[in-house]
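Participant: okay, here's the prediction I keep looking at, along with the sequence it came from:
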Amino acid sequence: MELIDLTNNISQTKLQEINNYLKEGKLIIFPTETVYGLGAIATDDKAVKKIYIAKGRKSDNPLIVHLSSVSEIEKYAHIENEIERKLINTFMPGPFTIILKKKDNIPSAVSGGLDTVGIRVPSNKIAHSILSHNNLPIAAPSANISGRPSGTNIEDIYNEFKDKVSCIINGGNSQIGLESTVVRVVDNIPIILRPGYITKEDILNTIGSVKVDDNILKKDVDTPLSPGMKYKHYAPNSPSTLIYIKDKEAKINYFKENTTENTIIIGSKDLRDIPCKKYLHYGNTPKEISHNIFTLLRKADTFSPDKILIEGVSQDGLGLAIMNRLIRACSHNYVERK
C-alpha cells in the first residue's frame with residue numbers, strides 16, 4: 001500500500017501514479033471536502049465490486065459517482081428537467097449529490113440495482129485534481145468499514161484500510177466532516193434523501209420548494225435511494241444513546257442520573273463538569289460539531305467505556321444532518337424531551 005501526501009503539493013507525477021492505480025482496477029482512498037472516499041473507476045464493474053468487499057458493504061447499497069465538472073454529468077446520467085439543472089448549477093461543485101436516471105455505462109454494481117445513480121462534483125482541490133487528470137469517473141462511498149463512523153482524518157483511515165487498498169492519498173482533515181446532501185427531484189420538487197451541509201433552507205431559497213424524506217430520522221429502509229440510509233451506520237463499537245433535552249437544567253440532570261464512572265459523554269460545555277470516565281467537547285456551533293463528530297465517536301471507543309452518551313442538537317439547518325448521523329450511530333437509541 002502506498003501513502004501519497006498531496007497536502008502541500010499536487011504534483012502531476014503523483015496524479016498520474018494515482019490514475020494508474022485506478023486504471024489497473026485497484027482501489028484508492030482520496031480526500032473530499034465532506035469525508036474521505038473509497039474509490040474505483042465507476043465504469044469498471046469488477047473494480048467497483050472490490051469496494052463492497054473492502055468496506056464490508058452489502059451490494060444493494062448504492063454508491064455515488066464523483067466527477068471532475070458539471071460538464072461531465074451527462075456522459076453518465078440524464079438531466080431530465082430544469083429543477084435538476086438549477087440544483088446542479090447552484091450547488092456544484094460542492095457537498096451536494098443529485099440522484100439522476102443513469103446511463104448504460106454505469107454498471108448496476110454502482111447503483112445497487114436501481115435505474116438511478118447519485119452524481120457529485122467535489123469542490124476539494126485534491127479530489128478535483130485526481131478526477132480531472134484523465135477525466136475518470138470515480139465511484140466512492142465514505143472511507144470506513146461498513147457501519148462505522150466515516151473517515152475524516154488520515155490516521156483513522158490508514159489504520160482501517162492499510163491492508164485493503166493500493167493507495168491512500170493524504171489531504172489533511174476533512175473540512176466539513178459529514179457526507180454530502182443527497183437530493184432527488186420528484187414532480188419538480190426536490191426531496192432531501194440524506195441531509196448534509198447544503199441544508200433544507202438553502203434548497204428552499206434556491207428552488208422555492210423542498211421536502212424532507214420521511215426516512216431521514218427513521219430506522220433502516222428497505223430500498224435505499226441514497227447511501228447511508230440502509231443498515232446500521234456511523235456507529236462506534238460501544239453502546240450509545242443520543243439525548244436531546246431542550247431545557248438546560250433538565251438535560252444536565254438527565255446526564256448526571258445516567259452516567260457512571262465508565263461512561264463517555266460527548267456534548268456541549270454544559271456537560272463538562274459531570275463526573276464520568278471522559279468528557280469530549282464536540283464544538284460550539286453546528287459547523288464545529290459536524291467537523292468533529294465522527295472523529296470523536298472513534299476516539300470515544302478507545303477508552304473502552306460501558307456506554308457513550310451524546311448530546312443532541314436542534315434539527316434546524318445543519319442540525320438535521322447532525323441528528324440524522326447521530327440517531328443512526330446510536331442505533332436509534334434516542335431520548336427526546338422538548
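Facilitator: Structure's in. What do you need? It should be emphasised that the depicted structure is a prediction, and the values quoted were computed from it without experimental measurement.

Participant: could you pull out the strands for the stretch 51-200 of the chain?
Facilitator: All strands of the stretch 51-200 of the chain, identified by DSSP state E, counting those that start in this stretch, fall at 64-66, 77-78, 96-102, 116-120, 138-140, 167-170, 181-186, 189-194.

Participant: so which of these is nearest L3?
Facilitator: strand 167-170 (5.2 Å; Cβ to Cβ). For glycine as for every other residue, the C-beta is placed from the backbone atoms N, C-alpha and C.

Participant: flag every buried residue along that closest one.
Facilitator: Using 16 or more other Cβ atoms under 10 Å as the test for burial, strand 167-170 gives 167-170.

Participant: with stretch 278-287 instead?
Facilitator: 279-283, 286-287.

Participant: among these, name the ones in helices.
Facilitator: 286-287 (DSSP state H).

Participant: redo the buried residues of stretch 278-287 as a markdown table? Include pLDDT and distance to I138.
Facilitator: A markdown table is the format used below for the buried residues of stretch 278-287 (pLDDT from 0 to 100; distance: Cβ to Cβ, whole Å):
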| residue | pLDDT | distance to I138 |
| --- | --- | --- |
| Y279 | 98 | 39 |
| L280 | 98 | 33 |
| H281 | 98 | 35 |
| Y282 | 97 | 31 |
| G283 | 97 | 30 |
| P286 | 97 | 29 |
| K287 | 97 | 27 |
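
Participant: could you chop this structure up by domain?
Facilitator: For the chain, automatic domain parsing gives the domain ranges 2-182, 240-337.

Participant: off-centre distance for the last one?
Facilitator: Relative to the centre of its chain, domain 240-337 is centred 19 Å away, using Cα atoms, centre = their mean, to the nearest Å.

Participant: pull up the distance across that domain, start to finish.
Facilitator: Using Cα to Cα, to the nearest Å, one end of domain 240-337 lies 18 Å from the other.

Participant: stretch 117-133 now?
Facilitator: Using Cα to Cα, first and last residues of stretch 117-133 are 23 Å apart.

Participant: can you check stretch 272-289 too?
Facilitator: 16 Å.

Participant: pairing partners for L38 in the sheet, please.
Facilitator: I29 (DSSP bridges).
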